[in-house]
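*Asks:* 3D, please:
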Amino acid sequence: MKVGCVVVAAGRGERAGLGYNKVFYPLAGKSVLMRTLDALAAGGHIDICVPVLNACDFEAYEKLLPREGRPAFLLPPVQGGSTRARSVYAGLKALDADTDIVLVHDAARPFVTEEIITSVIKDAEIYASGVISAPVTDTVKQTDADGHVRTLDRAYLRSVQTPQAFNYKMLLDAYASGADDAAATDDAYLFEKAYGNVHLTEAAGTRDNIKLTVMEDFLAAEARFNYEYRTGTGYDVHRLTEGRRLVLCGECIPYEKGLLGHSDADVALHALMDAMLGAAALGDIGRLFPDTDARYEGISSLVLLEETNRAINKAGFTLENCDVTIVCQRPKLAPYIDRMRQNIAICLQTDVSRVSVKATTTERLGFEGEGAGISAQAAVLLKKVTQ
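*Replies:* Residues are numbered from 1 along each chain as shown. Next up, the predicted model:
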């Protein structure tokens, strides 16, 4: 028996207020999407899996894989549609034609258990459908347009989640005729419409199988993990000289002089990288990127920062926040600070609110005040999951 899975990740998650697709939120150091894929891969019950993404998220997804790992069952992602139903249909068509059972799962449910997965697969084998559900524990009221209220008997009500498992060819046919149905908020709806009924599956773990929707959900999910925190500091100095570009935090600053160094001599990013490596006890940038190596001659320090971030991620750490202080008399850096913060945030795949960059002078004292060089200091907080 061949089991496939469609993971729906094409939404925008606007209710989370993140400004980007919520499945890329770093939950305890790993994206929600990858935590969901890892949970689905556990136990080896699913043979192939296709993620369905929004077109604007393909680049972020490709950057995610080298950093967080690629489960062996993954097929290339497909582009989603304008509705959930159209996205699921695109994923179904991307699965192998000899698929027997298919699971459809929301990428924003990273706490799905192996018991839930095996239970819905088993029921789909027997009944052609296995839709994970749980008894409703709250009293439910139904209202109408006139404001009349009616109490529903909760003994007959079920809360439905994902994964939902089905006979592959039957679900594919149901979507072929119903993918444009605006009422199709889940897969069971179209299956019911095509075949009259679905089988509801109950299994342990449904209470924890929450869908991360609003920021409170993400904060509650973070609280499930235990963390170790590390602080680190970094300091660097480079000489100013003619004939070089002045690059600070990845931003090219118009000035008659630039910083001297083997790479682009971005003193601010060098301090930041040393702080990150120090917090993770991984040495310093001189050990990671020696100035005797021709590969790093003239290289952008943003590339080195990405490499540094991969190194701390490999050691189990993620950046919680950073604070960089650039010390120079001239040029004035205030107009460039916002772009510097954005450069770092994009490079580290974190929110710009976690990145601080400041600039200060020395009131013309010392080598910075005399215009002979620029120094930078950085402080970081790293986080590591311990369970």
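*Asks:* secondary structure class for Leu103?
*Replies:* Under DSSP: H, G, I helix; E, B strand; the rest coil, Leu103 falls in the strand class.
*Asks:* how many neighbours does it have?
*Replies:* Residues lying near Leu103 (other Cβ atoms under 10 Å) number 28. From N, CA and C alone the C-beta is placed, and that goes for glycine too.
*Asks:* what residues are up against it?
*Replies:* When contacts are counted by Cβ atoms under 8 Å, 6 or more residues apart in numbering, Leu103 touches 3-6, 40, 46, 117, 120-121, 162-165.
*Asks:* who's it bridged to?
*Replies:* Judged by DSSP bridges, the bridge partners of Leu103 are Cys5, Ala165.
*Asks:* got the confidence number for it?
*Replies:* Model confidence at Leu103, given as pLDDT, is 98.
*Asks:* name the nearest of the contacts of Leu103 relative to Gly298.
*Replies:* Distance to Gly298, by Cβ to Cβ, is smallest for Leu40 among those, at 43.4 Å.
*Asks:* only C-alpha atoms, please: export stretch 213-233 in CSV.
*Replies:* What follows is stretch 213-233, C-alpha atoms only, in CSV (Å, rounded to 0.1, in the frame of the first residue of the first chain):
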residue,chain,number,x,y,z
THR,A,213,-3.6,30.7,14.0
VAL,A,214,-3.2,33.8,16.1
MET,A,215,-0.1,34.9,18.0
GLU,A,216,-1.4,33.5,21.3
ASP,A,217,-1.2,30.1,19.7
PHE,A,218,2.4,30.6,18.8
LEU,A,219,3.3,31.8,22.3
ALA,A,220,1.5,28.8,23.8
ALA,A,221,3.4,26.5,21.4
GLU,A,222,6.7,28.0,22.4
ALA,A,223,5.9,27.3,26.1
ARG,A,224,5.8,23.5,25.4
PHE,A,225,9.6,23.5,25.0
ASN,A,226,12.4,23.9,27.4
TYR,A,227,15.3,26.2,26.5
GLU,A,228,18.9,26.9,27.3
TYR,A,229,20.0,30.6,26.7
ARG,A,230,23.5,31.8,25.9
THR,A,231,24.9,35.3,25.6
GLY,A,232,27.8,36.4,23.5
THR,A,233,29.8,39.5,22.7
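*Asks:* contacts for that stretch?
*Replies:* By Cβ under 8 Å, 6+ apart, stretch 213-233 touches 13, 15-18, 22, 25, 27-28, 108, 110-111, 210-212, 274-281, 317, 320, 377-387.
*Asks:* for ChimeraX, write the select line for the buried members of these.
*Replies:* Buried residues among the contacts of stretch 213-233 (16 or more other Cβ atoms under 10 Å), as a ChimeraX selection:
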select :13,16,22,25,27,28,108,110,111,212,274,275,276,277,278,279,280,317,320,377,378,379,380,381,382,383,384
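*Asks:* which of the contacts of stretch 213-233 fall within helices?
*Replies:* Asp274, Ala275, Met276, Leu277, Gly278, Ala279 (DSSP state H).
*Asks:* looking at the residues you listed, which one is closest to Glu306?
*Replies:* Nearest to Glu306 among those, with distances taken as Cβ to Cβ, is Met276, at 11.6 Å.
*Asks:* how close does the closest one get to Ile121?
*Replies:* Here the criterion is Cβ to Cβ, to the nearest Å. By it, Met276 lies 43 Å from Ile121.
*Asks:* with Glu306 instead?
*Replies:* 39 Å.
*Asks:* and those two? which has more neighbours close in?
*Replies:* Ile121 (21 against 17).
*Asks:* give the buried residues for the helix or strand containing the more buried one.
*Replies:* Assigned by DSSP states H and E, Ile121 falls within helix 114-127. The neighbour-count criterion (16+ other Cβ under 10 Å) identifies Ile116, Ile117, Ser119, Val120, Ile121, Lys122, Asp123, Ala124, Tyr127 as the buried residues of helix 114-127.
*Asks:* could you do stretch 255-264 as well?
*Replies:* Within stretch 255-264, the residues that qualify as buried are Tyr255, Lys257, Gly258, Leu259, Gly261, Ser263, Asp264, counting by 16+ other Cβ under 10 Å.
*Asks:* please enumerate residues in contact with that stretch?
*Replies:* For stretch 255-264, using Cβ under 8 Å, 6+ apart, the contacting residues are 238-247, 265-267, 289, 291, 296-301, 304, 330-331, 371, 373-374.
*Asks:* if we go to 7 Å?
*Replies:* 238-242, 244-247, 265, 267, 291, 296-301, 304, 331, 374 (Cβ atoms under 7 Å, 6 or more residues apart in numbering).
*Asks:* for Ala183, give me the pLDDT.
*Replies:* On the pLDDT scale, Ala183 gets 85.
*Asks:* check contacts around it.
*Replies:* Counting by Cβ under 7 Å, 6+ apart, the residues that Ala183 touches are Tyr189.
*Asks:* in what helix or strand does it lie?
*Replies:* For Ala183, there is no enclosing helix or strand under DSSP H and E.
*Asks:* phi, psi for it please.
*Replies:* The phi/psi pair for Ala183 (degrees, to the nearest 10) reads phi -80, psi 0.
*Asks:* with Ala134 instead?
*Replies:* phi -140, psi 150.
*Asks:* quickly list what it is bridged to.
*Replies:* Ser159.
*Asks:* who are the neighbours in contact with it?
*Replies:* Contacts of Ala134 (Cβ under 7 Å, 6+ apart): Arg158, Ser159, Glu202, Thr206.
*Asks:* what number of residues lie near the residue nearest to the first one when sequence neighbours are not counted?
*Replies:* It refers to Arg158. Distance criterion Cβ to Cβ, 6 or more residues apart in numbering; nearest residue to Arg158, sequence neighbours excluded, is Ser133 at 4.1 Å. Residues lying near Ser133 (other Cβ under 10 Å) number 21.
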